[in-house]
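Participant: next input, structure requested:
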Amino acid sequence: MYDHGSESLWSQVRGEAVTGPLTGTELTVLPSTLTTWAKWRRQHPGTSVLSPRTGYARNYDLDPYLDYYEKQSGFRSFFKLGPGEKEKELVVGVEIDGIAKAYPLAGIKQAGALEDNLAGTKLTLRFDAPTDALSVVDGSGRRIAHMAVYWFVWKAIWPETARY
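Facilitator: Reported below is the predicted structural model:
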């Protein structure tokens with residue numbers, strides 16, 4: 001992300017400015033959900049959607065990234081895959097005190113919940129199938145910042161990451 005106001009460049013995955021006058025400034029990670037429109041609408045019936053009438057000649061019914069999603073190789077990926085790993089596998093990335101770990105999203109969905117320790121912090125990762133809600137909390141129930149991201153992206157940003 002490029003910030004025209006400060007002329008800083010931000011790493012979305014690291015959550016901080018990487019160049020410019022705001023280098024090192026951290027963003028607050030907000031909760032988000034990867035879900036279908038149908039599930040979202042059931043949970044949030046009052047949701048408003050922006051109009052596709054933007055004044056630009058673009059067909060918003062078509063996803064311009066569909067080919068990218070369907071390919072199994074990452075964008076100029078450069079790291080060696082381990083057994084059973086796929087570059088475009090969705091993982092839940094968690095970083096605490098500079099220590100990063102990736103949790104395969106499919107495994108969390110299958111188990112419903114996983115428990116682990118990261119940087120001395122007890123973690124519970126929980127997936128709720130009816131809403132597609134994913135939560136990561138510590139032993140006291142406090143929300144831990146996390147993100148769903150492709151494995152090759154997480155690994156590129158956190159090369160020393162552990163994998164669950």
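Participant: would you map out the domains in the protein?
Facilitator: Using automatic domain parsing, the domain ranges for the chain come out as 1-29, 31-38+63-164.
Participant: now find how far off-centre stretch 125-142 is within its chain.
Facilitator: In terms of C-alpha atoms, centre = their mean, to the nearest Å, the centre of stretch 125-142 is found 14 Å from the chain centre.
Participant: so what touches it?
Facilitator: With contact meaning C-beta atoms under 8 Å, 6 or more residues apart in numbering, stretch 125-142 is reached by 33-36, 39, 43, 92, 94, 103, 105, 108-109, 111-116, 121-124, 143-146, 148. Every C-beta, even on glycine, is put in place using the N, C-alpha and C of the backbone.
Participant: out of the residues you listed, which are inside strands?
Facilitator: By the criterion of DSSP state E, membership of the contacts of stretch 125-142 in strands covers 92, 94, 103, 113-116, 121-124, 148.
Participant: can you pick out the most distant pair from those?
Facilitator: Lys122 and Ala148 (21.1 Å; C-beta to C-beta).
Participant: can you give me the strands for the chain?
Facilitator: Under DSSP E, the chain gives strands at 2-3, 8-11, 16-19, 90-96, 99-104, 113-118, 121-128, 133-138, 147-150, 162-163.
Participant: quick one: which of the ones you listed is nearest Ala156?
Facilitator: strand 147-150 (9.4 Å).
Participant: could I have the CA atoms of the closest one written out in PDB?
Facilitator: Once non-C-alpha atoms are left out, strand 147-150 reads as follows in PDB (Å, rounded to 0.1, in the frame of the first residue of the first chain):
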ATOM      1  CA  MET A 147      -4.400 -12.900   9.100                       C
ATOM      2  CA  ALA A 148      -5.400 -15.400   6.400                       C
ATOM      3  CA  VAL A 149      -2.900 -15.300   3.600                       C
ATOM      4  CA  TYR A 150      -1.300 -17.600   1.000                       C
END
